[in-house]
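Asks: Build me a structure from this.
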Amino acid sequence: MRAFLSLLLLFPTGLAAAENPMSAADFNAYATGKTLTYSQTGEIYGAEQYLPGQRVLWAFTNDECREGRWYEEAGQICFVYEHDATPQCWTFWKGETGLNARFEGDGPGSELSEVAQSPDPLQCAGPDVGV
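Replies: Numbering: from 1, shown residues only. From the prediction side, this is the model:
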């Protein structure tokens with residue numbers, strides 16, 4: 001029993017929740033109508049606006065916005081974007097402070113964490129702004 005409890009202490013609390021990924025219905029209910037900002041290892045990674053009809057608008061920090069859509073496949077939430085039709089699949093789960101996400105095939109420690117949410121549209125940088 002002591003060995004089991006010691007093992008539990010080795011894992012951050014969010015990892016246990018990762019074993020219960022959000023379904024498409026849960027993800028849709030949580031995210032639609034919001035713009036979520038994500039960080040990775042304490043640095044802002046990017047933001048995504050979740051629109052009705054499983055549409056999204058994504059931007060890495062200080063980058064142009066990319067339109068796309070999401071769908072559920074094999075228990076993951078997968079995204080395809082106008083600039084790249086290659087599916088990018090993630091496991092999402094609710095953490096103590098919002099969503100967490102891990103890219104398909106990435107190991108622990110590579111998660112994205114929600115650090116802000118807003119009902120406002122994503123602010124998009126445009127090409128050739130200021131030129």
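Asks: Could you use CA atoms for every contact and neighbour count after this?
Replies: OK.
Asks: And the nearest residue to residue 52 once chain neighbours are set aside, its phi and psi?
Replies: Distance criterion Cα to Cα, 6 or more residues apart in numbering; nearest residue to residue 52, sequence neighbours excluded, is residue 32 at 6.2 Å. Residue 32 adopts backbone torsions of phi -60, psi 130, taken as degrees, to the nearest 10.
Asks: quick one: residue 32 and residue 56 touch, right?
Replies: No. Counting by Cα atoms under 8 Å, residue 32 sits too far from residue 56 to count as a contact (9.1 Å).
Asks: who touches both of those two?
Replies: Common neighbours of residue 32 and residue 56 (criterion: Cα atoms under 8 Å, 6 or more residues apart in numbering): 49-50.
Asks: returning to what we had before: residue 121 versus the residue nearest to residue 52, what's the distance?
Replies: Distance, residue 32 to residue 121, by Cα to Cα, to the nearest Å: 12 Å.
Asks: neighbour count winner among these two?
Replies: Between residue 32 and residue 121, counting by other Cα atoms under 10 Å, residue 32 is the more crowded of the two (18 against 14).
Asks: do you know how far that one is from residue 104?
Replies: Applying Cα to Cα, the value for residue 32 to residue 104 is 22 Å.
Asks: need the contact list for residue 74.
Replies: Contacts of residue 74 by Cα under 8 Å, 6+ apart: none found.
Asks: Give me the neighbour count for the nearest residue to residue 120 once chain neighbours are set aside.
Replies: Counting by Cα to Cα, 6+ apart, the nearest residue to residue 120 once its immediate chain neighbours are dropped is residue 35, at 6.6 Å. A total of 23 residues lie near residue 35 under the criterion other Cα under 10 Å.
Asks: And residue 58, by the same measure?
Replies: Considering only other Cα under 10 Å, residue 58 is surrounded by 24 other residues.
Asks: Check what pLDDT it gets.
Replies: pLDDT recorded at residue 58 is 96.
Asks: and what of residue 9?
Replies: Per the predicted model, pLDDT is 35 at residue 9.
Asks: quick one on the thing from earlier: list the contacts of the residue nearest to residue 120.
Replies: 47-50, 117-122.
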